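Give me coordinates for this.
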Amino acid sequence: PVVVGGLGPRGVVSSASYEARRYGVRSAMPMMRARALCPHAVYLPPDFTAYTDASRAVMQIFRDVTPLVEPLSLDEAFLDVAGARRLFGSPAEIARKIRARVEREQGLTCSVGVAPSKFVAKLGSTRAKPDGMLVVPASRVLEFLHPLPVDALWGVGERSAQALRRLGLATIGDLAEAPYAMLRKAVGEASANHLHALARGRDPRAVSPEHVEKSIGAEVTFEVDVTDPLEIRRALLALADKVGGRLRRAGQVGRTISLKVRLADFRTVTRSRTLPVATDTAREMFDTVWALWTVLAPGEPVRLVGVRAEGLAAAQETPRQ
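Numbering: from 1, shown residues only. Now for the predicted structure:
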């Protein structure tokens, strides 16, 4: 069993091998809890440089097949291969070739769901893990969907799932057959429309290669609660520098700068200020968040601080003095 994450007393699990998951270890779990559940596991810190390099290489493999690639995260993406079939064969053949090339060039396994919609493809890839492929043809979408539990649907969290189960709707098939008025009463108008469509296999969203960032930020959790203003000042300066670098690499500027503070009792406070002119420089962002901190002056031990730039725009299209 292998567990990756922050190794300090306040670290959290980023990922865990399937061998570790058998002991109850899960992503986002406190590392102390993971060590209690699986003390004999190998514990490793994250290597973001390696992840980023592998992600770029894998995404390039995807783009060699089709320009219609919509990344969801470092290790996941939607591909629309409708226009690639003459070159590379059926969608299932394309998926096999991608899996083989990723393993050959990167030494990584790749789980793939092949389906007529993004929603069903996502479910297929989840059920193909850790190293498989699941093809769901259009004629069998409902056969695949309806036996699954309701919490497999996008937008159904723990609370929504409980509300639906109280109505006797345990599976997606149950939900698909439920009267619309019942759904609306349980989860509200917007969610009822969304879930009703998904339960019938309807997901018209296209693969969108362009992803527009709404904000760019960074935060740090202290190993022990901090009360020293100088240490907080240093942390905010480092975070402003990190956010500024990310903005410049993305060719973006932000006009609204936000400060996030989590206190020792886990209360979270945010403050923001909109600047007269958008910026991508650490100095301006630091001056802003430090002024916000000075006004906030919580007077209590601090667990976490964060800096975020919002209201983003393209730097080359934003006039600045």
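
C-alpha only now, for contacts and for neighbours.
OK.

longest helix in the chain, by residue count?
Ranked by residue count and defined by DSSP state H, the top helix of the chain is helix 229-250.

for it, the distance to its chain's centre please.
22 Å (Cα atoms, centre = their mean, to the nearest Å).

Can you show me the CA trace of that helix as CSV?
Provided in CSV are the C-alpha atoms of helix 229-250 (Å, rounded to 0.1, in the frame of the first residue of the first chain):
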residue,chain,number,x,y,z
PRO,A,229,2.3,38.6,12.3
LEU,A,230,5.8,38.4,10.8
GLU,A,231,5.4,34.8,9.9
ILE,A,232,2.0,35.5,8.4
ARG,A,233,3.4,38.4,6.5
ARG,A,234,6.1,36.2,5.0
ALA,A,235,3.6,33.5,4.0
LEU,A,236,1.3,36.1,2.3
LEU,A,237,4.3,37.5,0.4
ALA,A,238,5.3,34.0,-0.8
LEU,A,239,1.7,33.3,-1.9
ALA,A,240,1.4,36.6,-3.7
ASP,A,241,4.6,35.8,-5.6
LYS,A,242,3.3,32.4,-6.5
VAL,A,243,-0.1,33.8,-7.7
GLY,A,244,1.7,36.5,-9.7
GLY,A,245,3.9,33.9,-11.4
ARG,A,246,0.8,31.8,-12.3
LEU,A,247,-1.0,34.8,-13.7
ARG,A,248,2.0,35.8,-15.9
ARG,A,249,2.4,32.2,-17.2
ALA,A,250,-1.3,32.2,-18.1
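
Can you name the next helix or strand after it?
Using DSSP states H and E, the helix or strand that follows helix 229-250 towards the C-terminus is strand 252-263.

now that next one and helix 229-250, what's the angle there?
Regarding strand 252-263 and helix 229-250, their directions subtend 150 degrees when assessed with axes from the mean of the first three to the mean of the last three Cα atoms, to 10 degrees.

Need the residues that contact strand 252-263.
215, 247, 268-280, 285, 288-289, 292-293, 300-315, 318 (Cα atoms under 8 Å, 6 or more residues apart in numbering).

can you tell me which of those residues are in helices?
247, 285, 288-289, 292-293.

then stretch 130-144 to CSV, C-alphas only?
What follows is stretch 130-144, C-alpha atoms only, in CSV (Å, rounded to 0.1, in the frame of the first residue of the first chain):
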residue,chain,number,x,y,z
PRO,A,130,-7.7,1.0,-12.4
ASP,A,131,-6.6,-0.2,-15.9
GLY,A,132,-9.5,-0.9,-18.3
MET,A,133,-11.8,0.2,-20.9
LEU,A,134,-15.6,0.2,-21.0
VAL,A,135,-17.6,0.8,-24.2
VAL,A,136,-21.3,1.9,-23.8
PRO,A,137,-22.9,2.1,-27.3
ALA,A,138,-25.9,4.4,-27.8
SER,A,139,-28.3,1.5,-27.9
ARG,A,140,-27.3,0.3,-24.4
VAL,A,141,-27.0,3.6,-22.5
LEU,A,142,-30.1,3.0,-20.4
GLU,A,143,-29.2,-0.6,-19.8
PHE,A,144,-25.9,0.6,-18.4
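
which parts of stretch 184-204 are buried?
186-187, 191-192, 195-196, 198-202 (16 or more other Cα atoms under 10 Å).

Can I get those in CSV including pLDDT, distance to residue 27 and secondary structure?
As requested, those are arranged in CSV below (pLDDT from 0 to 100; distance: Cα to Cα, whole Å; DSSP: H, G, I helix; E, B strand; the rest coil):
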residue, pLDDT, distance to residue 27, secondary structure
186, 78, 30, helix
187, 80, 27, helix
191, 81, 27, helix
192, 84, 29, helix
195, 87, 26, helix
196, 86, 30, helix
198, 90, 27, helix
199, 90, 27, helix
200, 89, 31, coil
201, 89, 29, coil
202, 90, 30, coil
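
Looking at the residues you listed, which is nearest residue 51?
Distance to residue 51, by Cα to Cα, is smallest for residue 198 among those, at 32.4 Å.

which residues of the stretch 51-200 of the chain score low on pLDDT?
When residues are selected by pLDDT under 70, none of them lie in the stretch 51-200 of the chain.

Good, wrapping up.
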